[in-house]
Structures are given as C-alpha cells and as structure tokens.
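J.: predicted model follows, preceded by the sequence.
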Amino acid sequence: MKIREATSSDIDGIAFVHTESWKTTYKGLIADEFLDKITVEARRKLWIRNFETPNKDEVMYVAEDEAGTIIGFANGGARRDPDLYDAELYALYLLKEYQGKGLGKLLIRSVAQNLMEKKYSSFMTWVLVGNPAIGFYHSVGGESISNIEVKIGNELLEEVKIGWQDIRVIGID
C-alpha cells in the first residue's frame, strides 16, 4: 500500500472510490433513492471542478494498492466556514474492503502534516451521525464538538463536528 499526493490524473480513481464509498458507508443512513442516483461520472465532474478551483491551501492524498489502483483518498485545506478551527478535513474515503487496515490514519495524517507545514494549528471535519467513522476519528484524537442538521436529498439528517484543537496530535499513537 502506498500513500501519495494526488494529481489530476487520479480523478477517475478518486471518483470511483467516492461513489462506491458513499453507497457502502451511507447505506441505511441515507435513502437508497438518493444513493442509487450517485454516479462515477457525476463525481468525476465534481473532482474535475475541484482540481481546477481548489479551496485555499487544499491538498489531496490517495492510497493505492500494490497494483497502483486508487483505493482511498483524503483532502483538506483552509476551513470553509470560519470558526475556532482553522483547517478542515473535507473528505476521507476508503473502499469498504480496505477499511480497518490503518490506511485512513495514514491519509488523515498526511493531510494534517501538509497543513501544519502551511502553519495551520487546528483541524475539524463533519461526519454524518451513525457513520462508523466517528469511532475512527475519536481513535485518532478527535473530539465530538457539536451537531448540525443538513439536508441530503429530501432528508434532514444530522452531522457531528469532530475537532482537534491541536493539529499535531492527529493520528499519533
């Protein structure tokens, strides 16, 4: 397994992982009607736009298997909505069969280290309530801070803000 900084040539792999991860991670949390409409092509367009117009200080890393196939990714950058955290993890997704093997920790740590080099000091992310990844984020030093209501498709759902007041502690054993 290998973690490396992503390039625009990785868009197809990122779009595939993003699509498949949503369909497996959010099954039972988000309506099937919504999940069934998510396509690799739509995610591909989203990631093309993202690479063309990134957020401030945005960085992305991918995880590859031995064959060089993208099996996960994480990206983050400056906090999109200002609050007491200055950096944000925008996304972290792994294909289901690669979860629980330490790759998520390597990905989040890579994003955090890059942002530390850019002088960010704190970090946060939003996670859908019910997502088992909440336990993962707590295991790498995050604390549940607050909840908000979000609309996904036709449903009102709840997300929890997970924060790290000190970005340096992310993923350290």
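T.: Great, that's in hand.
J.: assign I71 to helix, strand or coil.
T.: Classification of I71 by DSSP: H, G, I helix; E, B strand; the rest coil places it in strand.
J.: per-residue confidence for it?
T.: What the model reports for I71 is a pLDDT of 97.
J.: quick one, what contacts it?
T.: I71 makes contacts with M1, V17, A63, E64, D65, L94, L95, Y98, L103, as judged by Cβ atoms under 8 Å, 6 or more residues apart in numbering. Where C-beta positions appear, they are placed from N, C-alpha and C, glycine not excepted.
J.: what two of those residues are the furthest from one another?
T.: M1 and V17 (13.9 Å; Cβ to Cβ).
J.: between these two, tell me which one has more neighbours.
T.: V17 (25 against 13; other Cβ atoms under 10 Å).
J.: secondary structure element for E159?
T.: strand 155-164 (DSSP states H and E).
J.: ugh, wrong one, I meant W22
T.: helix 11-25.
J.: likewise N147?
T.: Assigned by DSSP H and E, N147 falls in strand 143-152.
J.: now that strand against strand 155-164, angle please.
T.: With axes from the mean of the first three to the mean of the last three Cα atoms, to 10 degrees as the basis, strand 143-152 and strand 155-164 are set at 150 degrees to each other.
J.: and strand 143-152, how far from the chain's centre?
T.: 15 Å (Cα atoms, centre = their mean, to the nearest Å).
J.: from the rest of the structure, what touches that strand?
T.: By Cβ under 8 Å, 6+ apart, strand 143-152 touches 30, 34, 124, 126, 128-129, 134, 138, 156-164.
J.: can you do 6 Å?
T.: Outside strand 143-152, the residues that touch it by Cβ atoms under 6 Å, 6 or more residues apart in numbering are I30, L156, L157, E158, E159, V160, K161, I162, G163.
J.: can you pull the pLDDT of the nearest residue to the fifth one once chain neighbours are set aside?
T.: Okay, so that is E159. Closest residue to E159 apart from its sequence neighbours, by Cβ to Cβ, 6 or more residues apart in numbering: W126 at 4.6 Å. pLDDT for W126: 96.
J.: how much space separates W126 from I11?
T.: Using Cβ to Cβ, to the nearest Å, W126 is found at 23 Å from I11.
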